[in-house]
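# Predicted model and sequence follow; I will ask about them next.
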Amino acid sequence: MLSIDLTGKRAFVAGVADDRGYGWAIVRALAQAGASVCIGTWPPTLRIFTKSLERGKLDTSLPDGGEIRFERIYPLDAVFDNDEDVPEDVRSDKRYVDLTGYTIQGVADQLRADFGDNCLDIVVHSLANGPEVKNDLLDTSRPGYLAAVSASAFSLVSMVQRFGPLMRPGGAVISLSYLAAERVIPGYGGGMSSAKAALEGDTRTLAFEAGRRWGIRVNTISAGPLASRAAKAIGTIEKMVDYYRLNAALPEANTAEEVGSAAAFLCSPLGSGITGETLHVDKGYHAMGMQADPLLASE
Ligand SMILES: NC(=O)c1ccc[n+]([C@@H]2O[C@H](COP(=O)([O-])OP(=O)(O)OC[C@H]3O[C@@H](n4cnc5c(N)ncnc54)[C@H](O)[C@@H]3O)[C@@H](O)[C@H]2O)c1
């Protein structure tokens, strides 16, 4: 029987801080397929996340009766590549002051120290941040735009630069993109659409370069809307979910589990011929060229 078997593989998933987002759904799918999973959690959310985990407030259950167990939880702030990039106000912030090794290089160094060279098979980038996401692009400042691109797009480049050397041949990197990279989505502002466009373009270039250098694949999933914690910052996420449900090719809300399954497939040997790809997991909404709902209602 053809199945997704990730037994013996180790994954690092960046961008997990609760059980409602795409990162968690990907962790669940990878764990269900047998992978060991380490995660990277943003320092401002780390305490509440680990407390919720300890107190059993997160849904760690797996469909086969097992449970998600994290091999390691590393603090990770993906806007910093190296220690010297961290400004003093962040270093001394109460959410950071007791932490070390939370830059991308810092996490790569810890992975190598904890598990040795060539310790990774799967790297997942499931994070984004745009401080001015509610501003139209026309009203976005230069710092706001650059912050969105730094946190949401360059962070992938930096992760591939630093985690690529730790990956075994046949390994896979995936990230999460959104349709705003290629179509106008009103309300998805602050340079976030630009960041997703960069992420998709970089996926192609990184696929070539990392494929030739380390024999690994790089893909991105363009996911439909989900009312995650990050998406709630946009302010219109519930309306977007409804809009997709009414207008997508398959007229249902897409689920985080579907994105998790697609990620597990892309990271598995079954996806060995796929790299440089933007895979839409959005119930076919991306294929639509016209609003379907009013037409259907008038039939
Ligand atoms: N929710 C949606 O509608 C939707 C649709 C398409 C794509 N996506 C993408 O999916 C990915 C995951 O987002 P989500 O919607 O599941 O929300 P989420 O809140 O579960 O995940 C976003 C994560 O990014 C982390 N983060 C923010 N800044 C960070 C930083 N500097 N360093 C490290 N981590 C940082 C947050 O702590 C959070 O855990 C993002 O790339 C997002 O753009 C989301």
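Done, it's in.

# Could you report the pLDDT at I234?
Per-residue confidence (pLDDT) for I234: 79.

# Tell me if it really is in a strand.
No: read with DSSP: H, G, I helix; E, B strand; the rest coil, I234 is coil and lies in no strand.

# Report the central residue of the protein.
S126 (1.2 Å; C-alpha atoms, centre = their mean).

# surely it meets A11?
No: between S126 and A11 there is no contact under C-beta atoms under 8 Å: 11.3 Å. The C-beta positions use only the backbone N, C-alpha and C, and glycine is treated the same way.

# near the ligand, which residues of the protein show up?
15-17, 21-23, 42, 45, 76-79, 126-129, 151, 176, 178, 223, 225-226, 228-231 (C-beta under 6 Å from any ligand atom).

# who touches the one residue in the stretch 1-150 of the chain that gets nearest to the ligand in this structure?
Nearest residue of the stretch 1-150 of the chain to the ligand: G21, at 1.7 Å (C-beta to the nearest ligand atom). G21 makes contacts with 15, 126, 226, 228-230, 256, as judged by C-beta atoms under 8 Å, 6 or more residues apart in numbering.

# what's the helix or strand for N219?
strand 217-223 (DSSP states H and E).

# Equivalent analysis for T203, please.
T203 belongs to helix 192-214, assigned by DSSP H and E.

# For that helix, give the mean pLDDT please.
98.

# Stretch 217-231 now?
97.

# So for that stretch, what gets flagged as buried?
Neighbour counts over stretch 217-231 (16 or more other C-beta atoms under 10 Å) mark 217-226, 228, 230-231 as buried.

# got the end-to-end distance for it?
Taking C-alpha to C-alpha, to the nearest Å as the measure, stretch 217-231 stretches 27 Å from start to finish.

# how close does the closest residue to M288 other than its chain neighbours sit to the ligand?
Nearest residue to M288 in three dimensions, chain neighbours excluded: N247, at 6.1 Å (C-beta to C-beta, 6 or more residues apart in numbering). Using C-beta to the nearest ligand atom, to the nearest Å, N247 is found at 15 Å from the ligand.
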